[in-house]
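Chemist: model this:
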Amino acid sequence: MKFIRFVVTLTALMALCAGARAQSDNTAPKRPPRPDRVFIKDLEGVWINQGYLSALKATRSPRQASAKSAPIVIQVKREKNVYPILTTNFRAAVMQFVVDVEPDLKPRSWRLVTAKSDGMVNSADVIYTYFSGKRAADGKFQTLEVREPHFAKRRRTVMENLGEPLEGFINKQTIAGKYKDGAGAAYEFTADGEARLPDRKFAYEVLLYVGDTDCDLLASHHEKDPEGRELIGFVFKGDRLLLYKAAKLSQNRWRCEQQPFATLTRGEAT
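Modeler: Residues are numbered from 1 along each chain as shown. I've put the predicted structure just below:
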């Protein structure tokens, strides 16, 4: 262990000396940045697999989208001096920490080095996730082909960067909007997660894993309203949004009543 610390310190001193020499010699050539170099910050954001994303946009239903394409979401977000990476399929989640991003032998291909701990790790304890992609004109990645090891079993999966937090994106792709019922009463579900019904308001979230039920669900937000008891089923039928009373039966089972308590269409209340 002492030897490792010595090598690191010596390497740092050599880098400082090299920098000082370069500053003292204005004619010293500057090394151009490597176009294939990828840093952890280049991968920050929320990544979602393309199959699920396309199905969600087409159906506006997390339940139907999951049936068409199993979801995989990867979030890379800096926290102080570390980069946690969270991978989930909405039923389970794996938390790791990014150690490094290393180049692969193939062009425009790299491997993400992750570990369970954010401290010093043994090489035998790291997990490699291989990915490839092409940068846009601004140098950012919009899509990646990832061999995700936890839920995709290293099958090649095309992932897209949402460019925004997952929760707000899901709201906008599903239920967010202004509606009115047959009597002209106003209903609204905002993109930032507030449900405004004629008789009440509450912070909501769309449930992304729905087990044994025949409708999608929104519920009181578990962080913004931890004591909330709201649970509402919803189904889109053409241009109509049907809302149902719902109840949780067990861990992965819910029941929505057969008849909706509200049938809504988009638009401002009269």
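
Chemist: count the residues that sit near residue 147.
Modeler: 17 (other CB atoms under 10 Å). In short, each C-beta sits where N, CA and C put it, glycine included.

Chemist: that one touches residue 155, doesn't it?
Modeler: Yes. Here residue 147 reaches residue 155: they are 7.1 Å apart, a contact under CB atoms under 8 Å.

Chemist: is it true that residue 149 touches residue 129?
Modeler: Yes. If you go by CB under 8 Å, residue 149 and residue 129 touch, sitting 5.8 Å apart.

Chemist: spatially nearest residue to the residue nearest to the spatial centre of the chain, not counting backbone neighbours?
Modeler: Nearest to the geometric centre of the chain sits residue 46, at 3.6 Å (CA atoms, centre = their mean). Excluding the flanking residues, the one nearest residue 46 by CB to CB, 6 or more residues apart in numbering is residue 162, at 4.6 Å.

Chemist: what about that neighbour, distance to residue 231?
Modeler: Separation of residue 162 from residue 231 (CB to CB, to the nearest Å): 26 Å.

Chemist: surely residue 125 meets residue 114?
Modeler: No. The criterion here is CB under 8 Å, and residue 125 misses it with residue 114 at 10.0 Å.

Chemist: which of these two has more residues huddled nearby?
Modeler: Taking other CB under 10 Å, residue 125 and residue 114 do not tie; residue 114 has more neighbours (24 against 11).

Chemist: what packs against the helix or strand that contains that one?
Modeler: In this assignment (DSSP states H and E), residue 114 forms part of strand 109-115. In terms of contacts (3 or more CB pairs under 8 Å, 6 or more residues apart in numbering; DSSP states H and E), strand 109-115 is packed against strand 93-103, strand 127-132.

Chemist: and the helices in the stretch 1-150 of the chain, which stretches?
Modeler: 2-24, 50-59, 62-68 (DSSP state H, counting those that start in this stretch).

Chemist: okay, now the domains of this protein?
Modeler: Split into domains by automatic domain parsing, the chain comes to 40-163, 174-266.

Chemist: reformat those domains as JSON lines; add mean pLDDT.
Modeler: As requested, the domains of the chain are exported to JSON lines (pLDDT from 0 to 100):
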{"stretch": "domain 40-163", "mean pLDDT": "93"}
{"stretch": "domain 174-266", "mean pLDDT": "94"}
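
Chemist: which residues does the residue nearest to residue 116 when sequence neighbours are not counted bridge with?
Modeler: Nearest residue to residue 116 in three dimensions, chain neighbours excluded: residue 96, at 6.3 Å (CB to CB, 6+ apart). Under DSSP bridges, the beta-bridge partners of residue 96 are residue 85.

Chemist: can I assume residue 96 is in contact with residue 115?
Modeler: Yes. Between residue 96 and residue 115 a contact is recorded at 6.4 Å, counting by CB under 8 Å.

Chemist: neighbour count for the two, which is higher?
Modeler: When residue 96 and residue 115 are compared for neighbours, residue 96 comes out ahead with 22 against 18, by other CB under 10 Å.

Chemist: any idea how far the more buried one is from residue 258?
Modeler: For residue 96 relative to residue 258 (CB to CB), the value is 44 Å.
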